Each structure stands twice: as C-alpha cells, then as structure tokens.
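Asks: What would the 3D arrangement of this be:
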Amino acid sequence: MGTERMILQLGTNNWQRGDEFAPGSGILHEAHHHAYDQLPDTKSYSIFPSPVQSSDRRDVAVFRLDHPIPICESVSPVSSYRWHAMSEDDFIAYRRRLTRFVAEYMDDIEHERGQPFGLAIAHHGFLNPVVMRDVLRMRARLGRPAMPLLCFVHGTALKMFAREKAGDAPEEFPRRFLPFMKQEAVFDPDVPGGVDVCATISREQTDALAEIFPEFPRERVLLSPNGYDQNVFRARDTRDRSAVLAEFTTVPYEGSSRPPEPVASDGDFDGVVVFCGKFADWKRLDALLRAAAVYEASGDKIATIVVGSGPLEAQRELQDLAFEELGLRHAYFLGPRSQSELALLYDAADVGCFPSYREPFGLVFIECMACGTPVIGADSGGPRDFVRDEVGALVPETSDGEALSRSLAAAITTALREDWKSTKGKAAARYALESFSVRQQCADLLAGVDQRMATRSGPS
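Replies: The predicted structure follows:
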C-alpha cells in the first residue's frame, strides 16, 4: 500500500482532547505526530495513555488506564499519581500490558499497510524506551526487520533520576527506578538492542542525560529545541484586549470562599502579565505573585493572569498567598486552558513571565514569543539558549526567593514602562517563527537519526 517511512511514537502523557488537558510533553507528541505527517513520504502512528480518552483513528491508539496517568514528579495538569506510588507488582503488570499493546498495534498496522515500521520513538527516558526495546527484541525473534530506536528525553524523568541519585528526599524519591534503568541498560551501548539515538531539548538537558547515563555516547545525542504549532500561536493583526479578557472567568480552588469572577470585564489595565505552568515548586509561581505585590504597589493597574493548575493543596496555597497574604487586587487564576485560549491570552498580554528554576526547555516562552509578546524568565536551564535582549530578558538565577521576586518586579516594570510589546514583540514573533517551527524540528530529527545511524560504529 505504499513506501512511506512509517514511524511509531510511544508517548507517556495524554494528548489534549475533549475535557482532558495535557502537559507539555503530550502537546509536543501530538504536534510531532501531525508534523511528521506533513513531511514527504512519512507517516506517523502514535500511542498514548489516558484513563478517559478513546480513539477511532487507525493512526492513533489510546492505552486505556483504570487509574490516573503515572508521572515522574508530583504535579501534572491531569494527574498526581506518581510512579513511586505504584507497587512493584502493579509496575510489572503495567510494563507487560503496555509491551503487549504496542506489539499488537504495530503488527496490526504493518499487516494493514503491507510494510514494516522504519523508526520507533519513545518519549521520555523512563519506561517507554524499555518497553520499545522489549518490543523490538520480540520482533527480532520473529524475524521482523530491525529499526532504529530514538528516545526523546524530556526533563521530568531526568529530574526523577537525579532526585533518586541525590538521596535528599528518600521518602518521596526512594532509590528505585534509577537502579531499574541501570539494570535494564537501555542506554548502555555495550548491550545490544537498546536506544540508538537520544534527542534532548536543551544543552542543559544534554548535560543532565550525561550525568545520569554517562555510558551513552555523547555523539549519539541530538539537540532538538522544541517546536511550536505556528497555526495556533501567532501574532494577530488586530488586538482588542478588552474583548479578549472579558471572555475569561477565574477558577477558585475547591472550597474557596472566593466566587468565580470575570477578568475585569472593562479590560482597562495599565499592563497585563501572563504566566502558564503547572503548580510545581520549581515553576516558582510564588515568586511572580510576590513580584506582583511590588508592581501593584506602584499604583498602576497591572493584571497578573495565571494559567495552569496542580493538586488542590497547591491551588489553595498559591491562591491564599495571592489574596490572603499579599492582598493582590488584580491577580486572576484561570485554571488550565486550551491551546487556542492560551494563544489569545499571550496575544493580549504585554509580557509573559515564566520564572522556573532550570526549565528543561521552555516551550511556553516560544509560544508566547510567537504571539508577539516578549518574555521574562530566570537565567538557568533551557531559556538561556534562546532568550536574548531582542525578545525579552532573563533575571539572575538565585536561591533567594525575595531577591528573585525583586528582580522579576524590576524587569516587568521596565518591560511595561519601555513598552517591550511594541519594541520587542515583532522581533520575538519573527525569531520564534524562523527558529522553532515544529515541522522543521521533526525534519531535523529524522535527518539527525539517519546521519548517526549511517556513521555509528559498534553495537547499539
């Protein structure tokens, strides 16, 4: 039925469909799926887990769960169920069931298409590459053609391994899955059948991979900065902030005495700052809220719009910080929002602020920039690779929370006073479009895999 290059992607998070919101890696997986399909002679097939979704498409299979999606950290838009909370018996059963599901799906597609898959991609550096390795070994025993295994190493799995290795939180991160990965040896080049090529989203993530798995050859690691969906995130020719913000209503945490309220329906703000991210400590939303107390004290009417969520405890803690402790008058918690809604908010904002500590890459920065809005973050992690003066600013990294908040407040005040939206916004949109197209990212990934497979020597 054709000679397309067939790609199998195994995702670790759900896609954003229906009422189930997705974390960044799920959104990235879906974007890659569509981008591969747009490349010549290429067809993508994808598997992702979900406890609520299903699929009637042949190119997308949902691995149904009877529990929330397991995650490496403690916070996700859709789950708080950590891998470390799973019993050993349940973990073994999960691995076996997923392996069987992937193998059967690949068999069905190959039978239907009359040709074999040519590339397997495992998202995240934890269970998925192990499962794909197991599937490829099963296929080899049946005489199926070999194919490369690319592992797209997202940040949360590496963070989990680093916490286990550090041993600084043994109750939350007992030394369990890093020894498991070392025993499975999927990143060991001396053990046949493992990962052939890795992709990381930033130089810092490349270093983190080398720290956790020093045995994996550095020359087989591709630097692949995240791409964004330019059909969704783009600067608009016309901008009516009042009309945009009037469409949104706040989402108080469950049990809060604060009722939902519109985002100042008159939209008469002196400035608008937007944040998007999960409510995890390392995202440091609290630092932005404390910065908001500083710039609100100036007397200007500046809105701080928060998109994202987390466990109820984190929602309560951050909203109480904003309203009870800091007394913010113009902070608006909107909960998780769709990509199209987020694009509207980015477009309406004067600046995006994402003060994460060592953000693995920072796709929210790119998406915000693509909407013609400059960005502010901390000088650590992936944003150091691409946030330059023409598109925004990075404040000094520090473990001093008060100092960070002061720096953020000063940077935001400067951005509003100097009207960065007008002076940096067009450059930000142009830079995002020219450098971070998801289609170009996928084309470069395939070219990189082909090059490294052609020049690689020795066993995988």
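
Asks: for this protein, what's the longest strand?
Replies: Using DSSP state E, we find that the single longest strand of the chain is strand 42-50.

Asks: who touches it?
Replies: Residues from elsewhere that reach strand 42-50, judged by CB atoms under 8 Å, 6 or more residues apart in numbering: 4-15, 20, 26, 29-30, 32-34, 36-37, 58-65, 69, 101-102, 105, 109, 117, 446. (Each C-beta comes from the backbone N, C-alpha and C, glycine too.)

Asks: Okay, buried residues for the next helix or strand after it please.
Replies: Moving toward the C-terminus from strand 42-50, the next helix or strand (DSSP states H and E) is strand 60-64. Burial within strand 60-64, assessed by neighbour count using 16 or more other CB atoms under 10 Å, is assigned to Val60, Ala61, Val62, Phe63.

Asks: Okay, and the beta partners of the second one?
Replies: What that stands for is Ala61. Ile47 (DSSP bridges).

Asks: My guess is it contacts Ser54. True?
Replies: No: with contacts counted by CB atoms under 8 Å, Ala61 stays clear of Ser54, the gap being 9.7 Å.

Asks: And for the residue lying closest to Asn13 once chain neighbours are set aside, the neighbour number?
Replies: Nearest non-adjacent residue to Asn13, counting by CB to CB, 6 or more residues apart in numbering: Gly26, 3.7 Å away. Gly26: 26 surrounding residues under other CB atoms under 10 Å.

Asks: Could I get the contacting residues of the residue nearest to Ser405 when sequence neighbours are not counted?
Replies: Nearest residue to Ser405, sequence neighbours excluded (CB to CB, 6+ apart): Arg290, at 3.8 Å. Taking CB under 8 Å, 6+ apart, we find Arg290 in contact with Leu326, Gly401, Glu402, Ser405.

Asks: And Arg290, which helix or strand is it part of?
Replies: Going by DSSP H and E, Arg290 is part of helix 285-296.

Asks: what angle sits between the next helix or strand along the chain from that helix and helix 285-296?
Replies: Heading C-terminal from helix 285-296, the first helix or strand you meet, by DSSP H and E, is strand 302-307. Comparing the axes of strand 302-307 and helix 285-296 via axes from the mean of the first three to the mean of the last three CA atoms, to 10 degrees yields an angle of 160 degrees.

Asks: List the strands paired with strand 302-307, with their directions.
Replies: Strand 302-307 is paired, per DSSP bridges, with strand 271-276 (parallel), strand 331-333 (parallel).

Asks: For that strand, give the mean pLDDT please.
Replies: If you average the pLDDT over strand 302-307, you get 97.

Asks: Likewise for stretch 232-251?
Replies: Mean predicted lDDT for stretch 232-251 stands at 85.

Asks: and it, how far out from the chain's middle?
Replies: 23 Å (CA atoms, centre = their mean, to the nearest Å).

Asks: Dump it to CSV, restricted to CA.
Replies: Output of stretch 232-251 as CSV, limited to C-alpha atoms (Å, rounded to 0.1, in the frame of the first residue of the first chain):
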residue,chain,number,x,y,z
VAL,A,232,-2.2,28.3,16.9
PHE,A,233,0.4,30.6,18.3
ARG,A,234,0.8,33.6,16.2
ALA,A,235,0.6,37.4,16.5
ARG,A,236,-2.8,38.9,15.5
ASP,A,237,-3.1,41.9,13.2
THR,A,238,-5.8,43.4,15.4
ARG,A,239,-5.7,43.4,19.2
ASP,A,240,-8.8,44.2,21.3
ARG,A,241,-7.6,43.3,24.8
SER,A,242,-10.8,44.3,26.5
ALA,A,243,-12.8,41.9,24.4
VAL,A,244,-10.4,39.0,24.9
LEU,A,245,-10.1,39.3,28.6
ALA,A,246,-13.8,39.7,29.0
GLU,A,247,-14.2,36.1,27.8
PHE,A,248,-12.3,34.6,30.8
THR,A,249,-13.5,33.9,34.3
THR,A,250,-11.4,32.9,37.3
VAL,A,251,-11.4,29.3,38.7
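
Asks: Now tabulate the strands paired with strand 302-307 in a markdown table and tack on mean neighbour count.
Replies: As requested, the strands paired with strand 302-307 are exported to a markdown table (neighbours: other CB atoms under 10 Å):
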| stretch | mean neighbour count |
| --- | --- |
| strand 271-276 | 25 |
| strand 331-333 | 24 |
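
Asks: can you tell which of the ones you listed is closest to Ala343?
Replies: strand 271-276 (10.7 Å; CB to CB).

Asks: elements contacting the helix or strand of the chain with the lowest mean pLDDT?
Replies: Scoring the helices and strands of the chain by mean pLDDT, DSSP states H and E places helix 241-245 at the bottom, with a mean of 87. Applying 3 or more CB pairs under 8 Å, 6 or more residues apart in numbering; DSSP states H and E, one finds that helix 241-245 contacts helix 339-348.

Asks: Can you tell me what sits against the helix it packs on?
Replies: Under CB under 8 Å, 6+ apart, the answer for helix 339-348 is 16, 27, 229, 232-236, 239, 241, 244-245, 247-248, 272, 274, 276, 305, 307, 334, 337, 352, 367-368, 370-373.
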